[in-house]
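# sequence first, then the predicted structure:
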Amino acid sequence: MRRSEIERDRAGRALELTLPPRIDETERTRLRAVHSDAAAAVRGARAAVDRARAVEDAATAIRDNADDDGSRLSQDLARSLLRFLESRRAADSTSAPLSARST
């Protein structure tokens, strides 16, 4: 997500810096398209992060609120899901470039 935000901001700055009339409309249109694409990538990355957080929050709530007597399966499932999410997060952070790790 951070990489998408950087690209969006870079495209926005390029668009702002070229606002004087000396730039032709074709270039301005191209810069607007680049900015729009980068903004869409940010929205997509942010939505993915929000979905992952929602799943993690749900698993945590199940684990923390399941009573010990009748919900052993729910607790085990929630713990397994949380372990899976932690391992996936660790794998993603080790394979992502440094610029993308600070999401």
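Looks like it arrived, so ask away. Numbers count the residues shown, from 1 in each chain.
# longest helix anywhere in the protein?
helix 25-65 (DSSP state H).
# that one packs against which elements?
helix 2-17, helix 72-95 (3 or more Cβ pairs under 8 Å, 6 or more residues apart in numbering; DSSP states H and E). Heads up, the C-betas are built off the backbone N, CA and C, glycines and all.
# most tightly packed of those?
Greatest average neighbour count among the helices and strands packed on helix 25-65 goes to helix 2-17 (a mean of 16), per mean count of other Cβ atoms under 10 Å.
# and it, how far from the chain's centre?
With Cα atoms, centre = their mean, to the nearest Å as the basis, helix 2-17 stands 17 Å off its chain's centre.
# mean confidence for that helix?
Averaging pLDDT along helix 2-17 gives 77.
# what angle separates it from helix 25-65?
150 degrees (axes from the mean of the first three to the mean of the last three Cα atoms, to 10 degrees).
# just the CA trace of helix 2-17, in PDB.
Below are the C-alpha coordinates for helix 2-17, written out as PDB (Å, rounded to 0.1, in the frame of the first residue of the first chain):
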ATOM      1  CA  ARG A   2       2.800   2.400   0.800                       C
ATOM      2  CA  ARG A   3       4.300   2.000  -2.700                       C
ATOM      3  CA  SER A   4       0.900   2.800  -4.200                       C
ATOM      4  CA  GLU A   5       0.600   5.900  -2.000                       C
ATOM      5  CA  ILE A   6       4.100   7.100  -3.100                       C
ATOM      6  CA  GLU A   7       3.200   6.600  -6.800                       C
ATOM      7  CA  ARG A   8      -0.100   8.400  -6.300                       C
ATOM      8  CA  ASP A   9       1.700  11.300  -4.600                       C
ATOM      9  CA  ARG A  10       4.400  11.500  -7.200                       C
ATOM     10  CA  ALA A  11       1.800  11.600 -10.000                       C
ATOM     11  CA  GLY A  12      -0.100  14.300  -8.200                       C
ATOM     12  CA  ARG A  13       3.000  16.400  -7.700                       C
ATOM     13  CA  ALA A  14       3.900  15.900 -11.400                       C
ATOM     14  CA  LEU A  15       0.400  17.100 -12.400                       C
ATOM     15  CA  GLU A  16       0.600  20.100 -10.100                       C
ATOM     16  CA  LEU A  17       4.100  21.100 -11.200                       C
END
